[in-house]
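Asker: fold the following and give me the result.
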Amino acid sequence: MKPIVVIGLVLIVLGIGGLVLRSVHWTETKNVANIGPIHINSEEDHNVWIPTAAGVLAVVAGLGLVVVGRKSA
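Answerer: Below is the predicted model:
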């Protein structure tokens, strides 16, 4: 399989994943202070939204790469 076809397939999968998930959430724990045996931590919630246009664009670009890769065979 040609590398351009593989890249196209990866873009298609990532684009569909972005359309299905819509956002990515994670919690980050930061160390605030260490005073002897006392440890103080802070938790921060992060949220990154994935634009719908980015998912659609990734799918379309992936399809284009797959078609171009197959035609040049």
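Asker: name the nearest residue to I50, ignoring sequence neighbours.
Answerer: G18 (4.4 Å; C-beta to C-beta, 6 or more residues apart in numbering). For the C-beta atoms, the positions are set from N, CA and C on the backbone; glycine is no exception.
Asker: just A54 next, same as before
Answerer: Leaving aside its sequence neighbours, A54 sits nearest to G18 (C-beta to C-beta, 6+ apart; 6.1 Å).
Asker: sec struct for I7, please.
Answerer: Here I7 is recorded as helix under DSSP: H, G, I helix; E, B strand; the rest coil.
Asker: burial count for it?
Answerer: 15 (other C-beta atoms under 10 Å).
Asker: check contacts around it.
Answerer: Shown in contact with I7 (C-beta atoms under 8 Å, 6 or more residues apart in numbering): G62, L65.
Asker: just the CA atoms of whichever strand or helix holds S42, as CSV, please.
Answerer: Using DSSP states H and E, S42 sits in strand 38-49. Taking Å, rounded to 0.1, in the frame of the first residue of the first chain, the C-alpha atoms of strand 38-49 are listed here in CSV:
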residue,chain,number,x,y,z
ILE,A,38,2.4,17.6,53.6
HIS,A,39,1.7,17.5,49.9
ILE,A,40,-0.8,20.0,48.4
ASN,A,41,-2.1,19.3,44.9
SER,A,42,-4.3,21.2,42.5
GLU,A,43,-6.5,19.6,39.8
GLU,A,44,-7.2,21.5,36.6
ASP,A,45,-9.9,20.3,34.1
HIS,A,46,-9.1,20.9,30.4
ASN,A,47,-11.5,20.7,27.5
VAL,A,48,-10.6,21.1,23.9
TRP,A,49,-13.5,21.4,21.3
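Asker: the residue of the chain positioned farthest from its centre and L57, how far apart?
Answerer: Distance from the centre of the chain peaks at G36, with 39.9 Å (C-alpha atoms, centre = their mean). For G36, the distance to L57 (C-beta to C-beta, to the nearest Å) stands at 53 Å.
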